[in-house]
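A.B. asks: I'll drop the sequence and a predicted model, then ask my questions.
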Amino acid sequence: MSDVKIATRESYGNALAELGKVNPDVVVFDADLAGATKTGVFKKAFPERHFDCGIAESNMVGLAAGIATTGKIPFVSSFAMFVAGRAFEQVRNSVGYPHLNVKIGATHAGISVGEDGATHQCNEDIALMRSIPGMVVINPCDDIEAKQAVFAAAEHVGPVYLRFGRLAVPVVNGEDYKFELGKGVTLKEGNKVTLIATGLMVARALDAAKELEEKGISTRVINIHTIKPIDKDIIIKAAKETDLIVTCEEHSVIGGLFSAVTEVTSLEAPCKVVPVAVMDTFGKSGPAAELLDVFGLNAENIVKKVMENI
Amino acid sequence: MDAKIKLALEKVAVEVRKDIVTAVHSAKSGHPGGSLSLTDTLTYLYFYKMNVDPKNPQDPDRDRFVLSKGHTAPALYSVLAEKGYFDKAELLKLRKTGALLQGHPDMKHIPGVDMTTGSLGQGISTAVGMALGGKISGKSFTVYTALGDGEIQEGQVWEAAMAAAHYKLDNLVAIVDNNGLQIDGNIEDVMSPYPITDKFAAFGWNVVTADAHDFDSIHAAFEKTSEKNGKPWVIVQKSVKGKGVSFMENKASWHGSAPNAEQYAQAMDELNAIAKELEAK
């Protein structure tokens, strides 16, 4: 892991600007948050392909659905709370049901939004988006993965939900990393415990694994960047080869990674799965790094959960 | 408009009305009232105004139509069937298990349906997106969308109205089907959307009015919309809910209910009588 920290929303904006150069069909919609979601980077490069919809997320999703029928590849952006939450029904009925080629770039997901507090901290977006048939849900862990995920989303024909964060996070992957849609990544082998993490929790799971190894517990770490469709094989393998799975996510324990993983294990390889997640509660104001500790979304709590359950 | 063309459109419209009543009767559910109020306008669009070809329903240069008031799918389906997009026999399977024709328009499976709609307020946003796509691609197609007068109570309609004017989409024509009734009753009693024309004008749209059941009036209104002045167009058309079937006319109760066998027979008798009159002309 390098010492460089980059927020995946930055990666998103930079990747969009790169994608715009090679794909003239890419258009970007924002709802008065181009500075925060970083689609402003694309706007600077391609002003004629960036459309500010004003503070009207529901309409923005509809515009994207309509323009997708004319052959464009729209990326719509806002905070996760508003594009997945407020505009949920538009995403379901105008994008998901007709399976239109719309990409949703949701930034400021999870409690790491920080000081803005609970109204802006969306811990429910993965659950909402995952419930829509045909929707691909991607939650990248770092800058390198986030950039490649944007390109992969553009290649995929159909709706894609991309989840990005506001907080600068460590770069986990090397420059040679190759993102593959729907494929989990084993970052570290181990045979006693498996930590299955997504998003910014991947770096924290790697930290936890180091501590667990020091305690003599062989720990596997898997990065699930694509939560839907989920990589069943890598989960079943972990369920069969290790004694315990701990899922690690910056999302509600209801409907996110924990749910997705247990949906696989309960059918295919029943085993004990313990969540590290936001435990069915709203967020609160505070610096992001402190909040992650307050909500137990850190290496310390992952280690604790392993020790309690092994 | 030319008298011969007008008569031909009137003849198609009465067939469409018969199809609507037949489909809803067969389905034992559906929305005949608002379908019948929109019939003449849809007939005009598909049989006169729009550049569409049932043999090439995905032509990228075609004009588009979005039925924002998606519950009046029987009207759209009947017009599409009359136009030859699919077999008229499909109308008898409307809303049934395994049927092509879903309760609300489904663009993925039904030939000629340009957008999946049904959740009110959403269709107009997608129409704005299509018109924007046409503009930035340098295409000359026009996007038409029809809204209910109750539907415009949805806030999203006004988000879309703001966006269409902001992006100067004069290739967009919205129709507000002002039949004055919604499922709970008179629109003025439920939640008045009036004044509709003033609201759209205030949002930066060109506004025209029409009599929804007079092809001369419909034609005059749509002719005006070919003027391109950087503003989207709205046609607020005064219509009669249930038009053409005496016992359904101006009755909110026919918003979302199907005729029984006796009512169906009476409706068809009335429509056949109109058809006969038109044949004699």
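C.D. replies: Perfect, thanks for sending it. Numbers count the residues shown, from 1 in each chain, chains lettered A, B, ... in the order given.
A.B. asks: element containing the closest residue to chain B within the stretch 151-300 of chain A, please.
C.D. replies: In the stretch 151-300 of chain A, the residue found nearest to chain B is residue A:158; the distance is 11.5 Å by C-beta to the nearest C-beta. The C-beta positions use only the backbone N, C-alpha and C, and glycine is treated the same way. Under DSSP states H and E, no helix or strand contains residue A:158.
A.B. asks: Who are the contact partners of it?
C.D. replies: If you count contacts by C-beta atoms under 8 Å, 6 or more residues apart in numbering or on different chains, residue A:158 has them with A:99-101, A:134, A:136.
A.B. asks: Does residue A:227 touch residue A:198 like I think?
C.D. replies: Yes. Counting by C-beta atoms under 8 Å, residue A:198 is a contact partner of residue A:227 at 6.3 Å.
A.B. asks: Among these two, which residue is more densely surrounded?
C.D. replies: A count of neighbours by other C-beta atoms under 10 Å in any protein chain shown puts residue A:198 above the other of residue A:227 and residue A:198, at 30 against 27.
A.B. asks: mind listing what that one touches?
C.D. replies: If you count contacts by C-beta under 8 Å, 6+ apart, residue A:198 has them with A:139, A:141, A:223-225, A:227, A:248-249, A:251, A:257.
A.B. asks: Could you export the residues you listed to a markdown table, including columns for pLDDT, secondary structure and distance to residue B:274?
C.D. replies: As requested, the contacts of residue A:198 are exported to a markdown table (pLDDT from 0 to 100; DSSP: H, G, I helix; E, B strand; the rest coil; distance: C-beta to C-beta, whole Å):
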| residue | pLDDT | secondary structure | distance to residue B:274 |
| --- | --- | --- | --- |
| A:139 | 98 | coil | 60 |
| A:141 | 98 | coil | 67 |
| A:223 | 98 | strand | 68 |
| A:224 | 98 | coil | 63 |
| A:225 | 98 | coil | 62 |
| A:227 | 98 | strand | 58 |
| A:248 | 99 | strand | 69 |
| A:249 | 98 | strand | 64 |
| A:251 | 98 | strand | 60 |
| A:257 | 98 | helix | 62 |
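A.B. asks: Out of the contacts of residue A:158, which two sit at the greatest distance?
C.D. replies: Based on C-beta to C-beta, the longest span within those runs between A:100 and A:136 and measures 12.9 Å.
A.B. asks: show me the residues around the residue in chain A sticking out farthest from the centre that make contact.
C.D. replies: Summary for chain A: using C-alpha atoms, centre = their mean, the residue whose C-alpha lies farthest from the chain's mean C-alpha position is residue A:216, with a distance of 30.9 Å. Counting by C-beta under 8 Å, 6+ apart, residue A:216 touches no other residue.
A.B. asks: That one and residue A:174: what is the separation?
C.D. replies: For residue A:216, the distance to residue A:174 under the criterion C-beta to C-beta, to the nearest Å works out to 28 Å.
A.B. asks: Tell me how many other residues crowd the closest residue to chain B within the stretch 101-250 of chain A.
C.D. replies: Among the residues of the stretch 101-250 of chain A, residue A:102 lies closest to chain B, at 9.7 Å counting by C-beta to the nearest C-beta. In terms of burial, residue A:102 registers 29 neighbours under the definition other C-beta under 10 Å.
A.B. asks: separation between it and residue A:153?
C.D. replies: From residue A:102 across to residue A:153, the span is 10 Å (C-beta to C-beta).
A.B. asks: any common contacting residues for those two?
C.D. replies: Both residue A:102 and residue A:153 are contacted by residue A:160, under the criterion C-beta under 8 Å, 6+ apart.
A.B. asks: That'll do, ta.
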